[in-house]
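Asks: using only what follows, build the 3D model:
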Amino acid sequence: MEVKQISDHSYAAHLEDGRVFTLSTQGGDDMTFLPWRYNQHDWETMPFSVGGEQVVPFGHDNLLPSKLRDVLDDNNLATGVLERQLGLIYGQGIFLYQLSYREGEISREWVQDREIENWLHSWDVVSYAKGALSDYLHLKGFFNTCVLRRGSRIGLEPSISHLEHIPARNARLEWVESRNLRDVRHIFVGDFEHACVGTGIRKYPVYDRKNPGRHAVSAAYNNSYSFGRDFYSIPQYWGTLRWIIRGSEIPTIFKYVTDNGLNLAYHIHSPQAYWDAKRDMIRRIHPEWAADDAKVEREIGNLTEKFLQNLTAVLSGKENAGKFFHTVDVMDDTGKDVTWHIDPIDQKIKDFVESQLKIGEASSSAITSGMGLHPALSNMIINGKLASGSELLYAFKLFLASDTEIPESTVLEPVNQAIAFNFPGKNLRAGFYHRSVHTEEATSAKDRIKNE
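Replies: Next up, the predicted model:
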């Protein structure tokens, strides 16, 4: 048996009889960051040294963001689910609002303020928010820097110039012996995916929420707490990684089996006596070959190739109806029939395909549920059909009511702190605006989408 690796976690076993089996594994050195590894140590217990600095490792090898990226990139569904979540949370964009209290209800009143809006657009708050939200959905946290205006360095009243999003793979927390996130005093920025070789490490003080004007440039790690974790948070799909990997392997398995499997329709049994008779006939036709077996066998090979080509034409093709294969049966010296047999082969490919598709369906369902998105909102086809309009509407309303507040408050909190610091007394906040969606019955005829 020969075993070949066909992807990061799948293998193909070729048996001597021509059959091919595919195997999928959960192990491998590149999988040691996953949570189900039985001997996985808590990566937050010891510091990691990079470029002479002691950092809190992000994953056991300090490469968790990059490895999660690679796992998600290989999956046809996971990245789409995260992109859909980003679009649903972001809505129609970033706008300013103030809270209104009426009859025991709290609501948002969306307002315009040119001064704040011009400041936000001056440093492209949209790109900042999209980057921060993407990191948050992937890792349940994100990094950013806060830069003060230059005037604060010469004694003028400090104010925040802009915020910058730092990709998670390029930022790490400074190690503290207390193992308490509140005690972290610095954040390091560099190319940690390549051990910061050639690029060096930039060291920023941690942003002081009580005194935003304390540092000319500071950095912050903004996250939602993950149970049992001291420093970095982990995404909500953490337990779904097995299914993500399993779902990613299915297309590779299909391709390999299609390209390399033994796809036979018939098993042809030819009697040895038939070929022995052919050899005797060749020797009678060519007596000069009597002592040259090589030439006899070469001629037998030519006869075999022509015979099988003719037999293939009979057994295959859409116009083979009514064709037949004729042989003359003889008996050997013992009285046993010497005859040809052509047996059809049941490749059971249907069973194989159905089993893989069932695994794929289970994987898709597990991925969407593990990532916190209703199947109706992820465009999943369940039992051969898409979700109805009412299912989409209720799933969307439930998502807005329960799954947007925490991501929005976390992602835009640095922006709102900056607004409060730069524009005291205005009591305005930035938020993601979501346009109300109604059923066709609740929409007036003039506002409905026309079919032209």
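
Asks: quick one: residue 211 is in a helix?
Replies: No: per DSSP: H, G, I helix; E, B strand; the rest coil, residue 211 lies outside any helix segment and is coil.

Asks: could you count how many residues lie near it?
Replies: Neighbours of residue 211 under the rule other Cβ atoms under 10 Å: 10. In this view, the C-beta of every residue, glycine as well, is placed from N, C-alpha and C.

Asks: can you give me phi and psi for it?
Replies: When read as degrees, to the nearest 10, the backbone of residue 211 gives phi -140, psi 80.

Asks: likewise for residue 46?
Replies: When read as degrees, to the nearest 10, the backbone of residue 46 gives phi -130, psi 150.

Asks: number of residues surrounding it?
Replies: 13.

Asks: residue 291 too?
Replies: Neighbours of residue 291 (other Cβ under 10 Å): 7.

Asks: and for residue 238?
Replies: Based on other Cβ under 10 Å, the number of other residues close to residue 238 is 14.

Asks: pLDDT score assigned to it?
Replies: Residue 238 is assigned 87 on the pLDDT scale.

Asks: separation between it and residue 140?
Replies: 9 Å (Cβ to Cβ, to the nearest Å).

Asks: pretty sure residue 184 contacts residue 206?
Replies: Yes: counting by Cβ atoms under 8 Å, residue 184 does reach residue 206; the two are 5.9 Å apart.

Asks: more neighbours, these two?
Replies: For residue 184 versus residue 206, the count of surrounding residues by other Cβ under 10 Å is larger for residue 206: 19 against 16.

Asks: show me what contacts residue 110?
Replies: Contacts for residue 110 (Cβ atoms under 8 Å, 6 or more residues apart in numbering) come out as 95, 96, 97, 433.

Asks: do that again at 7 Å, thanks
Replies: 95, 97, 433 (Cβ atoms under 7 Å, 6 or more residues apart in numbering).

Asks: any quick ChimeraX command for the buried ones out of the residues you listed?
Replies: Selection of buried members from these for ChimeraX, criterion 16 or more other Cβ atoms under 10 Å:
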select :95
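
Asks: pLDDT, secondary structure and distance to residue 287 added to the contacts of residue 110, as TSV?
Replies: Shown next, in TSV, are these (pLDDT from 0 to 100; DSSP: H, G, I helix; E, B strand; the rest coil; distance: Cβ to Cβ, whole Å):
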residue	pLDDT	secondary structure	distance to residue 287
95	95	strand	100
97	95	strand	104
433	93	coil	97
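
Asks: what residues does stretch 183-191 touch?
Replies: With Cβ under 7 Å, 6+ apart as the criterion, stretch 183-191 contacts 51, 53, 55, 143, 166, 170-174, 176, 196, 199-206, 219, 221.

Asks: if we go to 8 Å?
Replies: Contacts with stretch 183-191, where a contact means Cβ under 8 Å, 6+ apart, come from 50-51, 53, 55-56, 143, 145, 166, 170-174, 176, 196-206, 219-221, 231.

Asks: quick one: the helices in the protein?
Replies: Residue ranges of the helices in the chain, as given by DSSP state H, are 64-73, 78-90, 114-122, 125-139, 241-260, 272-285, 293-315, 349-370, 389-402, 405-422.

Asks: tell me the buried residues in the shortest one?
Replies: The one in question is helix 114-122. For helix 114-122, a neighbour-count test (16+ other Cβ under 10 Å) marks 116, 117, 119, 120 as buried.

Asks: contacts only, for residue 360.
Replies: The contact partners of residue 360, by Cβ under 8 Å, 6+ apart, come to 247, 250.

Asks: switch the cut-off to 10 Å
Replies: Residue 360 makes contact with 76, 77, 246, 247, 249, 250, 251, 254, according to Cβ atoms under 10 Å, 6 or more residues apart in numbering.

Asks: residues shared between the contacts of residue 238 and residue 140?
Replies: Common neighbours of residue 238 and residue 140, using Cβ under 10 Å, 6+ apart, are residue 226.

Asks: tell me the buried residues within the contacts of stretch 183-191.
Replies: Buried residues within these, counting neighbours by 16+ other Cβ under 10 Å: 50, 53, 55-56, 143, 145, 166, 170-174, 176, 196, 201-202, 204, 206, 219-221, 231.

Asks: residues contacting the residue nearest to residue 175 when sequence neighbours are not counted?
Replies: In this structure, residue 175 finds its nearest non-sequential neighbour in residue 47, 3.7 Å apart by Cβ to Cβ, 6 or more residues apart in numbering. For residue 47, the contact set (Cβ under 10 Å, 6+ apart) comprises 53, 54, 55, 56, 57, 174, 175, 176, 177.

Asks: closest to residue 305 out of those residues?
Replies: Of all these, residue 305 sits closest to residue 57, with 63.0 Å by Cβ to Cβ.

Asks: how near is the closest one to residue 65?
Replies: Computed as Cβ to Cβ, the residue 57 to residue 65 distance reads 12 Å.
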